[in-house]
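1. here's a sequence, model it:
(one chain, ligands or ions: 3)
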Amino acid sequence: MKATRFYEVGKPITIEDVPEPEVGPTDVLVKISGAGVCHSDLHVIDGEVGVKQKPITLGHENAGIVEKVGSMVTEVVPGDGVAIFGAWGCGVCKLCERQEENLCQNPIYPGVMVDGGWAEKLLVQHPRNLVKLNGLDPVIAAPLTDAALTPYRAVKKVVPKLGPGKRLGIIGVGGLGHMAIQIAKALTPATQLFAIDVSEEKLTMAKELGAHHTIDGKSDDVGAELKALTDGEGLDAVVDFVGNDATLKNAAASAAIGSKIVVVGIAGGTLPYSFWKLPLECEVTSSIWGSRSELKEVLELARLGLITPHIETQPLEAINDVLTRLHEGKVQGRVVLTP
Ligand code: NAD
Ligand code: ZN
Ligand code: ZN
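-> Ligands and ions are numbered 1, 2, ... in the order given. Sure, this is the predicted structure:
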């Protein structure tokens, strides 16, 4: 089968013919319909985030059609359309036991620890990692498994701070951020949304998706601009989908007293914290991916038409060009590879 292979930092991804994986008793072989290209893959390719094996097939945002099932699998049958939950946990630790596999310290993420979905087929280690699509297009479902699941969890963390008269800031309107706007509109429709990005095209998209205000992230004082737009009060919650020094500084400068900042972007920035450094009782937390039950909720939002990823489809062969464009901030929404 055809697969992309990542060997080393600085080397282009190759397309190769690799052996089809063997299907063990509890495995499921899925023919990939869509595999999203996430900025986290760029962090891997740039050497900022490590992978467990090399070469490796990247791609942790996948959906497709079940092709073969192991002898003990009864939950799905060949032909089923499935979203692949990617935060595979070890299955036995306390976090996995309480269904928080996305927090597992010994995870087996496809596309990071084992081969992922930028290929014709993906071996899924257990049917519990599949959610049936029940009619949803697998090409649309692929980005829902991360580009929507991750902001869903992050936005849920701040919903208690939001509602009529309250304000949410979304920093970075890329693959995750453009879904965050839609998710916020679905979960807290009366909240005012402020989108911050360095690209005019992304800010136009933010407006089209329903952001009430857009702010140029390149401005000298994003915090002052946001305070001016909010009666000097600032934002009740900020979700940062970049996470570098500049965006964390902007998040802190625009946060209101008693607000909450959620860091999702893994660009490696630092947010200095002390009693007086941030507004009084401002909470700061991170958010990683999502749980299987949260993925089911995200798929339901999509089925109801409340969230729709803006996607551009590309063949596996386009991967290096796609990565270059993602690096330059020139991808609108999400690129989904359709092998
Ligand atoms: P993306 O490249 O699609 O989007 C990033 C957006 O940020 C772009 O629109 C870009 O123009 C904008 N941006 C860049 N610099 C900015 C700045 N200074 N101010 C405002 N906006 C700026 O990336 P993505 O796939 O949406 O991923 C976003 C981040 O989230 C990445 O760091 C990725 O690794 C991370 N991520 C984290 C998790 C998690 O579980 N925490 C999951 C998936 C992705
Ligand atoms: Zn990702
Ligand atoms: Zn675990």
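2. where exactly do the strands run in the stretch 1-150 of the chain?
-> Per DSSP state E, counting those that start in this stretch, the stretch 1-150 of the chain carries strands over the ranges 2-5, 14-17, 28-36, 62-69, 81-84, 121-124, 130-132.
3. and of those strands, who's closest to ligand 2?
-> strand 28-36 (7.3 Å; C-beta to the ion). (C-beta placed from N, C-alpha, C; glycine too.)
4. in its sheet, what does that closest one sit against?
-> Neighbouring strands of strand 28-36 in its sheet, by DSSP bridges, are strand 62-69 (antiparallel), strand 121-124 (antiparallel), strand 334-337 (antiparallel).
5. wait, which of the ones you listed is closest to ligand 1?
-> Of all these, it is strand 334-337 that lies closest to ligand 1, at 7.0 Å by C-beta to the nearest ligand atom.
6. how far does the closest one sit from the chain's center?
-> Strand 334-337 sits 12 Å away from the centroid of its parent chain (C-alpha atoms, centre = their mean, to the nearest Å).
7. do the same with stretch 99-117
-> Here stretch 99-117 is found 14 Å from its chain centre; the criterion is C-alpha atoms, centre = their mean.
8. is ligand 2 contacted by the host helix or strand of Ala154?
-> Here Ala154, judged by DSSP states H and E, is contained in helix 149-158. No - using C-beta under 5 Å from the ion, helix 149-158 stays clear of ligand 2, coming no nearer than 6.8 Å.
9. now that helix: mean pLDDT?
-> When pLDDT is averaged over helix 149-158, the result is 98.
10. before we move on, the earlier item: reformat the strands of the stretch 1-150 of the chain as TSV; add mean neighbour count and distance to ligand 1.
-> Shown next, in TSV, are the strands of the stretch 1-150 of the chain (neighbours: other C-beta atoms under 10 Å; distance: least, C-beta to the nearest ligand atom, whole Å):
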stretch	mean neighbour count	distance to ligand 1
strand 2-5	22	17
strand 14-17	13	22
strand 28-36	26	8
strand 62-69	23	14
strand 81-84	26	15
strand 121-124	25	18
strand 130-132	20	18
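11. ok, which of these comes nearest Val222?
-> strand 28-36 (28.4 Å; C-beta to C-beta).
12. do that closest one and ligand 2 meet?
-> No - figure legend: strand 28-36 not in contact with ligand 2 (C-beta under 5 Å from the ion); closest approach 7.3 Å.
13. likewise for stretch 287-297?
-> No - Stretch 287-297 does not reach ligand 2 (C-beta under 5 Å from the ion); its nearest approach is 7.6 Å.
14. could you export stretch 54-69 as PDB, CA atoms only?
-> The C-alpha trace of stretch 54-69 is given here as PDB (Å, rounded to 0.1, in the frame of the first residue of the first chain):
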ATOM      1  CA  LYS A  54      11.600   6.500  12.400                       C
ATOM      2  CA  PRO A  55      10.800   6.300   9.600                       C
ATOM      3  CA  ILE A  56       7.100   6.800  10.500                       C
ATOM      4  CA  THR A  57       3.900   7.600   8.700                       C
ATOM      5  CA  LEU A  58       2.500  10.700  10.300                       C
ATOM      6  CA  GLY A  59      -1.200  11.700  10.500                       C
ATOM      7  CA  HIS A  60      -3.200  11.600  13.700                       C
ATOM      8  CA  GLU A  61      -6.500  13.000  12.300                       C
ATOM      9  CA  ASN A  62      -8.200  10.200  10.400                       C
ATOM     10  CA  ALA A  63     -11.400   8.700   9.200                       C
ATOM     11  CA  GLY A  64     -12.300   6.100   6.700                       C
ATOM     12  CA  ILE A  65     -14.100   2.800   5.900                       C
ATOM     13  CA  VAL A  66     -13.500  -0.400   7.800                       C
ATOM     14  CA  GLU A  67     -11.700  -2.900   5.400                       C
ATOM     15  CA  LYS A  68     -10.800  -5.900   7.600                       C
ATOM     16  CA  VAL A  69     -11.500  -6.800  11.200                       C
END
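15. please, where are all the helices along the stretch 201-339 of the chain?
-> Along the stretch 201-339 of the chain, counting by DSSP state H, counting those that start in this stretch, helices occupy 222-229, 245-254, 292-303, 319-327.
16. could I get those as TSV with mean pLDDT?
-> TSV is the format used below for these (pLDDT from 0 to 100):
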stretch	mean pLDDT
helix 222-229	97
helix 245-254	98
helix 292-303	97
helix 319-327	98
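17. how about a markdown table for the strands of the stretch 1-150 of the chain, with mean pLDDT added?
-> Formatted as a markdown table, the strands of the stretch 1-150 of the chain follow (pLDDT from 0 to 100):
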| stretch | mean pLDDT |
| --- | --- |
| strand 2-5 | 98 |
| strand 14-17 | 98 |
| strand 28-36 | 98 |
| strand 62-69 | 98 |
| strand 81-84 | 98 |
| strand 121-124 | 98 |
| strand 130-132 | 98 |
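18. okay, these in JSON lines with distance to Cys93 next?
-> As requested, these are exported to JSON lines (distance: least, C-beta to C-beta, whole Å):
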{"stretch": "strand 2-5", "distance to Cys93": "30"}
{"stretch": "strand 14-17", "distance to Cys93": "34"}
{"stretch": "strand 28-36", "distance to Cys93": "23"}
{"stretch": "strand 62-69", "distance to Cys93": "24"}
{"stretch": "strand 81-84", "distance to Cys93": "21"}
{"stretch": "strand 121-124", "distance to Cys93": "20"}
{"stretch": "strand 130-132", "distance to Cys93": "21"}
